[in-house]
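Enquirer: Provide a 3D model corresponding to the input given below.
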Amino acid sequence: MNPAESFGLIQDIDVHLTVELGRTKMRLRDVLSLGEDSVVMLDRLTDEPLDVLINGKLIGRGEVIAQGSRFALRILELVGSNQTATPSGAAAGGSSVEVAG
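Expert: Numbering: from 1, shown residues only. Alright, predicted model coming up:
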């Protein structure tokens, strides 16, 4: 039995797929000072794969491509359920605001 068959009726449940561009920590005062044309530097390099999350859980990594006039995602790797991977931009707690792009 393949994985798709083993899920039976729950295959039609909607899930949220998120592609995370990057993260950063900012003080609230800096967030409040953001305006049009502000630039926020993120933790990810331009050539790094992006994290792909389903309902907030990391399932793989990919890259952004253009499909016609829209953005699309090419999956580069899937993270197995027995692997303990964390999103590349994951940061320890604190009193900062996280900005995900």
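Enquirer: which residues of this structure score low on pLDDT?
Expert: 1-4, 81-101 (pLDDT under 70).
Enquirer: can you give me the strands in it?
Expert: Taking DSSP state E, the strands of the chain run over residues 17-20, 23-26, 50-54, 57-67, 70-78, 97-100.
Enquirer: The fourth one pairs with which strands, and in what direction?
Expert: Here the strand partners of strand 57-67, with direction, are listed using DSSP bridges: strand 50-54 (antiparallel), strand 70-78 (antiparallel).
Enquirer: would CSV of the ones you listed with mean neighbour count be doable?
Expert: Heads up, the C-betas are built off the backbone N, CA and C, glycines and all. Below are the strands paired with strand 57-67 laid out as CSV (neighbours: other Cβ atoms under 10 Å):
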stretch, mean neighbour count
strand 50-54, 20
strand 70-78, 11
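Enquirer: Make TSV from those strands and add distance to R29 to it.
Expert: Below are these laid out as TSV (distance: least, Cβ to Cβ, whole Å):
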stretch	distance to R29
strand 50-54	28
strand 70-78	32
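Enquirer: And those: which comes nearest L9?
Expert: Nearest to L9 among the strands paired with strand 57-67 is strand 50-54 (18.3 Å), distances taken as Cβ to Cβ.
Enquirer: can I get the CA coordinates of the closest one in PDB?
Expert: The C-alpha trace of strand 50-54 is given here as PDB (Å, rounded to 0.1, in the frame of the first residue of the first chain):
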ATOM      1  CA  LEU A  50      13.800  27.600   1.600                       C
ATOM      2  CA  ASP A  51      12.000  25.700   4.300                       C
ATOM      3  CA  VAL A  52       8.700  24.100   3.300                       C
ATOM      4  CA  LEU A  53       6.200  23.700   6.100                       C
ATOM      5  CA  ILE A  54       2.800  22.000   6.400                       C
END
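Enquirer: Identify the residues contacting that strand?
Expert: 15-21, 44, 58-64, 73, 75, 87-89 (Cβ atoms under 8 Å, 6 or more residues apart in numbering).
Enquirer: How about the residue nearest the centre of the chain: which residues does it bridge to?
Expert: Closest residue to the average C-alpha location of the chain: E20 at 2.5 Å, with Cα atoms, centre = their mean. On the basis of DSSP bridges, E20 is bridged to D51.
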